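Participant: Build me a model from this:
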Amino acid sequence: GQLVESGGGLVQPGGSLRLSCSASAFSLDYYAIGWFRQAPGKEREGVSCIEGTDGKTYYQDYVKGRFTISRDNAKNTVYLQMNSLKPEDTAVYYCAADLDILCYSETYYQGLDSWGPGTQVTVSS
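Facilitator: Reported below is the predicted structural model:
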């Protein structure tokens, strides 16, 4: 099943956005959900992840303290709350669902071959 990202947009530096990752064809319960991003001319990189088994969360250093990942199983949605946004956060943001290895391996996501359309986040004054 495919994941759908939403919530992106244009925001000024210091602003906030909340991204959503949802699925209509399957339940996200017990899946690890990761957020990734790709800026123009750069490789896709990890942002944050939440494990499916125990909800343990992971953040890359460049978003730690600013972004918060959470899940609402009743809505079958995982959120990424992004605060204190910086121009360098500008990218297309994607989510992925897999086993918990998606979270604790820094390279596992590079082997995924199915990505949704993503949602554009632009931080600019």
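
Participant: ok, now how distant is the residue nearest the centre of the chain from residue 125?
Facilitator: The residue lying closest to the centre of the chain (C-alpha atoms, centre = their mean) is residue 35, at 2.1 Å. From residue 35 across to residue 125, the span is 24 Å (C-beta to C-beta, to the nearest Å). Placement of C-beta: from N, CA and C, glycine included.

Participant: quick revisit: just the buried residues of the one helix or strand the residue nearest to the centre of the chain maps to, please?
Facilitator: Taking DSSP states H and E as the definition, residue 35 sits inside strand 32-38. By neighbour count on 16 or more other C-beta atoms under 10 Å, the buried set for strand 32-38 is 32-37.

Participant: if we look at it, which residues are touching it?
Facilitator: 19, 21, 44-52, 69, 71, 78, 80, 89, 91-103, 109, 118, 121 (C-beta atoms under 8 Å, 6 or more residues apart in numbering).

Participant: show me where the protein has strands.
Facilitator: In the chain, the strands defined using DSSP state E lie at 3-6, 9-11, 17-23, 32-38, 45-50, 57-59, 67-72, 77-82, 91-98, 119-123.

Participant: To residue 113, which of these lies closest?
Facilitator: strand 91-98 (10.7 Å; C-beta to C-beta).

Participant: Restricting to C-alpha, output the closest one in PDB.
Facilitator: The C-alpha trace of strand 91-98 is given here as PDB (Å, rounded to 0.1, in the frame of the first residue of the first chain):
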ATOM      1  CA  ALA A  91      13.100  19.900   0.800                       C
ATOM      2  CA  VAL A  92      10.500  17.400  -0.400                       C
ATOM      3  CA  TYR A  93       9.600  15.400   2.700                       C
ATOM      4  CA  TYR A  94       8.700  11.700   2.400                       C
ATOM      5  CA  CYS A  95       7.500   9.000   4.800                       C
ATOM      6  CA  ALA A  96       8.100   5.300   4.700                       C
ATOM      7  CA  ALA A  97       6.800   2.300   6.600                       C
ATOM      8  CA  ASP A  98       8.700  -0.800   7.400                       C
END
